[in-house]
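Enquirer: Sequence first, predicted coordinates after that:
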Amino acid sequence: MQTDSSFTFVLFGGTGDLSMRKILPALFEAHRAGGMLADSGKIVAVARHIADRAAYIDWVNEHVKPHVSKNGVDETAWASFLDRIEFVKIDLGKPEDFTLLRDALSGRPGIRVFYLATGPSLFVPICHALASVGLNENSRIVLEKPLGYDLKSSNAINDAVGEIFAEEQIYRIDHYLGKEPVQNLLALRFGNVLFEPLWRREWVESIQITIAEELGVEARGDFYDNTGALRDMVQNHLLQLLSIVAMEPPHSMDSDSVRDEKLRVLRALKPIDPRDIGKVAVRGQYHAGVIRGSAVPAYATEPGVKQDSTTETFVAVKVEIENWRWAGVPFFLRTGKRLADRVAEIVVNFRAVPHSALGASALRGGANRLVIRLQPNETIRLYCLAKQPGEGMNLASVHLDLAFDRFFREGQMEAYQRLLLDVINGRLALFVRRDEQEAAWRWVEPILNEWAASNKPPKPYAAGTWGPAAASAMLAQHGTCWLEEEN
Ligand code: BG6
């Protein structure tokens with residue numbers, strides 16, 4: 001991907017965790033790969049606590065370098081990457097400081113990208129301050145999640161940002177949309193004739209989407225305790241994945257065709273009746289446990305977390321889509337911290353054959369299953385029944401595998417790298433449009449409200465397990481189970 005379009009990438013929150021772990025390493029990878037970033041493109045970091053550029057470069061060397069290139073840093077590329085970095089010291093609480101930024105950006109060629117890697121409470125003040133010095137023209141703005149706390153606060157931010165930037169200038173990032181296997185899901189569904197005829201209620205019995213993490217809340221206890229898994233993962237990543245799995249074929253891959261189809265899914269989600277929440281949603285919180293042989297503490301004892309916290313670190317929820325393609329097919333979404341494994345996958349369970357001349361095993365529900373493993377070890381696996389060798393007709397489950405790292409050894413791109421290049425090059429398809437975000441908030445809100453009003457605490461689960469037993473019971477009611485519970 002060659003580019004000659006110049007840019008200035010302004011990074012607010014230049015010393016934050018996200019800049020350190022994701023954004024700067026992704027920009028470095030794009031730089032190292034060569035040809036992806038215009039030579040004249042610059043990164044302007046903005047921070048308050050750092051004295052000057054030299055001090056910022058020291059910080060980057062100390063904190064960012066350990067997060068780049070797992071296989072060792074290419075020192076020549078690193079040195080030339082540092083040459084791209086400039087620094088402006090700004091106190092975001094002082095709008096008058098933005099004249100420094102205006103002066104630093106004046107006369108530069110190309111598009112300006114403002115990346116707001118800050119808390120959402122700063123989004124609106126930053127936008128106002130940018131507008132006050134005329135920097136909202138010829139620019140794009142990237143907003144990190146969480147965008148708001150609920151529908152109302154998210155609307156308030158979107159309204160305020162929308163007064164300053166047009167929707168086509170706003171890039172709401174959901175890094176799951178930048179993951180290679182998520183892109184591949186589109187290729188699988190819309191580049192092959194094989195799956196499309198089966199991708200519907202007549203042939204699909206249920207779908208599971210899991211994002212399980214072994215990590216706990218790390219250093220983010222404070223943030224997480226005010227957020228919880230429903231806002232942190234379900235409202236965005238999981239509903240976005242669901243909309244890609246369930247959407248109709250778009251007419252093209254341009255940004256609005258894809259986003260229009262995703263929106264149709266989000267709008268077709270069956271609203272949850274608050275009286276049913278106990279039946280269709282499970283919330284859990286981890287207690288102390290053991291993960292890969294190491295003892296880990298309970299959520300309520302993590303730094304920054306209230307001792308009597310009722311914040312959920314686990315959610316499982318049953319979703320239904322009210323349209324002809326999916327009516328009656330349950331989608332089970334699940335996410336949690338401190339679970340037994342780190343895995344993100346989509347499991348499509350197909351129906352059993354209507355009649356089997358081959359014996360009962362061919363009739364067992366879900367003989368055919370498609371498992372799309374997003375991480376780790378990206379694979380797509382199709383399970384089928386085959387005859388076991390030897391006498392008689394005994395069937396066994398076998399699978400066809402597409403392991404991406406074996407087929408495509410080169411060119412895998414991290415989600416942030418792809419998304420940042422998309423912003424710089426003005427490609428909106430993988431960013432969340434305002435109406436999608438609103439539809440997602442609207443759907444989760446009854447659950448948020450019910451949990452906030454309820455005096456029942458989340459269900460406990462031991463760290464290192466798959467969450468509360470109630471999550472398994474919910475699937476059992478539909479005659480199915482989570483993938484890891486098979487056999
Ligand atoms: C982030 C959440 O959006 O996604 C984190 O805020 C979570 O809590 C992370 O850990 C998971 O992303 P990934 O790419 O590591 O699966």
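Expert: Alright, I've got the coordinates. Keep in mind that this is a model prediction, so the values were computed, not measured.
Enquirer: Give the bridge partners for I170, please.
Expert: I141 (DSSP bridges).
Enquirer: Look at it and say how many residues are nearby.
Expert: 21 (other Cβ atoms under 10 Å). C-beta: built from backbone N, CA, C; applies to glycine.
Enquirer: Can you give me the buried ones in stretch 126-137?
Expert: I126, C127, H128, A129, L130, A131, V133, L135, N136 (16 or more other Cβ atoms under 10 Å).
Enquirer: which residues touch the helix or strand harbouring L27?
Expert: Assigned by DSSP states H and E, L27 falls within helix 24-33. The contact list for helix 24-33, computed with Cβ atoms under 8 Å, 6 or more residues apart in numbering, reads 9, 11, 36-37, 43, 60, 64, 67-69, 74, 77-78, 80-81, 84, 413-414, 416-417, 419-421.
Enquirer: Tell me if that helix is near the ligand.
Expert: No - using Cβ under 6 Å from any ligand atom, helix 24-33 stays clear of the ligand, coming no nearer than 12.2 Å.
Enquirer: tell me the mean pLDDT over that helix?
Expert: Averaged over helix 24-33, pLDDT sits at 94.
Enquirer: In it, which residues are buried?
Expert: L24, P25, A26, L27, F28, E29, A30, H31, R32.
Enquirer: Quick check: the last one vs D39, distance?
Expert: For R32, the distance to D39 under the criterion Cβ to Cβ, to the nearest Å works out to 14 Å.
Enquirer: what about the residue in the stretch 201-350 of the chain positioned nearest to the ligand, how many neighbours?
Expert: Going by Cβ to the nearest ligand atom, the ligand is nearest to D232 of the stretch 201-350 of the chain, at 4.7 Å. Using other Cβ under 10 Å, D232 has 22 neighbouring residues.
Enquirer: Skipping adjacent residues, who's closest to R351 in space?
Expert: Leaving aside its chain neighbours, R351 sits nearest to E205 (4.8 Å; criterion: Cβ to Cβ, 6 or more residues apart in numbering).
Enquirer: wait, that neighbour sits on L370?
Expert: No - E205 is beyond contact range of L370, at 12.0 Å (criterion: Cβ atoms under 8 Å).
Enquirer: can you give me the strands for the stretch 101-250 of the chain?
Expert: Listed in chain order, the strands of the stretch 101-250 of the chain (DSSP state E, counting those that start in this stretch) span 111-116, 139-143, 170-172, 204-212.
Enquirer: for the stretch 151-300 of the chain, what spans make up the helices?
Expert: 151-164, 180-190, 221-225, 228-229, 239-246, 255-268, 277-280 (DSSP state H, counting those that start in this stretch).
Enquirer: ranking those helices by mean pLDDT, which is last?
Expert: Across the helices of the stretch 151-300 of the chain, the lowest-scoring stretch is helix 180-190, with a mean of 90.
Enquirer: Now that helix: buried residues?
Expert: So, applying 16+ other Cβ under 10 Å, buried residues of helix 180-190: E180, P181, V182, Q183, N184, L185, L186, L188, R189.
Enquirer: helices and strands around that helix, which ones?
Expert: For helix 180-190, the contact count by 3 or more Cβ pairs under 8 Å, 6 or more residues apart in numbering; DSSP states H and E identifies helix 239-246, strand 369-375, strand 379-387, helix 404-407, helix 415-425 as packing neighbours.
Enquirer: can you list the strands of the stretch 101-250 of the chain in TSV and add distance to A462 and mean pLDDT?
Expert: Listed next are these as TSV, based on distance: least, Cβ to Cβ, whole Å; pLDDT from 0 to 100:
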stretch	distance to A462	mean pLDDT
strand 111-116	38	96
strand 139-143	36	96
strand 170-172	36	97
strand 204-212	14	97
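Enquirer: Can I get the ones you listed in JSON lines including distance to the ligand?
Expert: Formatted as JSON lines, the strands of the stretch 101-250 of the chain follow (distance: least, Cβ to the nearest ligand atom, whole Å):
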{"stretch": "strand 111-116", "distance to the ligand": "15"}
{"stretch": "strand 139-143", "distance to the ligand": "13"}
{"stretch": "strand 170-172", "distance to the ligand": "13"}
{"stretch": "strand 204-212", "distance to the ligand": "6"}
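Enquirer: before we move on, the earlier item: the residue nearest to R351 - how many residues pack around it?
Expert: Neighbours of E205 (other Cβ under 10 Å): 20.
Enquirer: Low-confidence regions, this structure specifically.
Expert: 1-4, 70-71, 360-366, 409, 487 (pLDDT under 70).
Enquirer: residue closest to the middle of the protein?
Expert: Y176 (3.0 Å; Cα atoms, centre = their mean).
Enquirer: List the contacts of it.
Expert: By Cβ under 8 Å, 6+ apart, the neighbours of Y176 are V182, N236, H237, Q240, L241, L374, A415.
Enquirer: From what I see, the first one and L241 are in contact.
Expert: Yes - with contact taken as Cβ under 8 Å, V182 and L241 are classed as touching, separated by 6.9 Å.
Enquirer: How many residues are close by the spatially closest residue to D254 that is not a sequence neighbour?
Expert: Using Cβ to Cβ, 6+ apart and skipping the chain neighbours, the partner closest in space to D254 is A429 (6.7 Å). Other residues within reach of A429, judged by other Cβ under 10 Å, total 17.
Enquirer: ok, A429 touching S252?
Expert: No - between A429 and S252 there is no contact, the gap being 9.8 Å when judged by Cβ under 8 Å.
Enquirer: Name the residues contacting each of the two.
Expert: With Cβ under 8 Å, 6+ apart, A429 and S252 have no common neighbours.
Enquirer: follow-up on the earlier one: for the residue of the stretch 201-350 of the chain closest to the ligand, give its distance to K337.
Expert: Separation of D232 from K337 (Cβ to Cβ): 9 Å.
Enquirer: which SS state does the residue nearest to D254 fall under?
Expert: Secondary structure, DSSP: H, G, I helix; E, B strand; the rest coil: A429 is coil.
Enquirer: For it, give its distance to L186.
Expert: 10 Å.
Enquirer: Mutual contacts of E205 and L370, please.
Expert: Residues touching both E205 and L370 (Cβ under 8 Å, 6+ apart): F350.
Enquirer: Near the ligand, which residues of the chain are found?
Expert: Residues of the chain lying near the ligand (Cβ under 6 Å from any ligand atom): E213, D232, A344.
Enquirer: which residues does the second one contact?
Expert: Which is D232. P146, Y224.
Enquirer: hmm, try it at 10 Å
Expert: D232 sits next to K145, P146, V217, R220, F223, Y224, T311, E312, T313, V315, T335, K337 when contact means Cβ atoms under 10 Å, 6 or more residues apart in numbering.
Enquirer: isn't F431 right next to K145, touching?
Expert: No - F431 is beyond contact range of K145, at 11.2 Å (criterion: Cβ atoms under 10 Å).
Enquirer: Between these two, which is the more surrounded one?
Expert: For F431 versus K145, the count of surrounding residues by other Cβ under 10 Å is larger for F431: 22 against 19.
Enquirer: Relative to N425, how far out is the nearest residue to the more buried one once chain neighbours are set aside?
Expert: In space, and not counting its chain neighbours, F431 is closest to Y171: 4.5 Å by Cβ to Cβ, 6+ apart. For Y171, the distance to N425 (Cβ to Cβ) stands at 11 Å.
Enquirer: Tell me which of those two has more neighbours.
Expert: Y171 (23 against 13).
Enquirer: returning to what we had before: show me whatever sits in contact with both of V182 and L241.
Expert: D174, Y176, A344, I346, I372, L374.
Enquirer: partners of whichever strand or helix holds the fourth one, with directions?
Expert: Counting by DSSP H and E, the element that carries I346 is strand 343-350. Applying DSSP bridges, strand 343-350 is found paired with strand 204-212 (antiparallel), strand 369-375 (antiparallel).
Enquirer: Right, I'll call it a day here.
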